[in-house]
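Asker: Task: produce atomic coordinates for the following.
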Amino acid sequence: MQIGAGKVFGGIGSVIGHEATHGFDDQGSQFDGNGNNVNWWTPADREQFAARTEKLADQFDAYTPIPAGPTSTSTAT
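Answerer: This next block holds a predicted model:
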């Protein structure tokens, strides 16, 4: 079975993009560019991150992936 180049590159790009976001999530943000466990975000940055994360989680929790089924659970992903 052959897969087209677009699908291959799309899959690779998806994985790379996903992994890159870990540098800015609640865990990856605790490390600097050298991998040292350093709190490099300002308190204001952390507050903004928490506020925006909460909004995104609320939006995700409202989704119903299967009609008439349960809603999504952001804390389980």
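
Asker: Domain parsing of the chain, as residue ranges.
Answerer: 1-37, 41-77 (automatic domain parsing).

Asker: quick one: buried residues of the last one?
Answerer: In other words, domain 41-77. For domain 41-77, a neighbour-count test (16 or more other C-beta atoms under 10 Å) marks Ser74 as buried. Glycine gets a C-beta too; all of them are placed from N, C-alpha and C.

Asker: What average pLDDT does the top helix by length along the chain get?
Answerer: The longest helix of the chain (DSSP state H) is helix 43-61. Taken as a whole, helix 43-61 has an average pLDDT of 93.

Asker: What lies in contact with that helix?
Answerer: The contact list for helix 43-61 (C-beta atoms under 8 Å, 6 or more residues apart in numbering) reads 26, 29, 41, 71-75, 77.

Asker: Repeat the analysis, applying 7 Å as the threshold.
Answerer: 71-74 (C-beta atoms under 7 Å, 6 or more residues apart in numbering).
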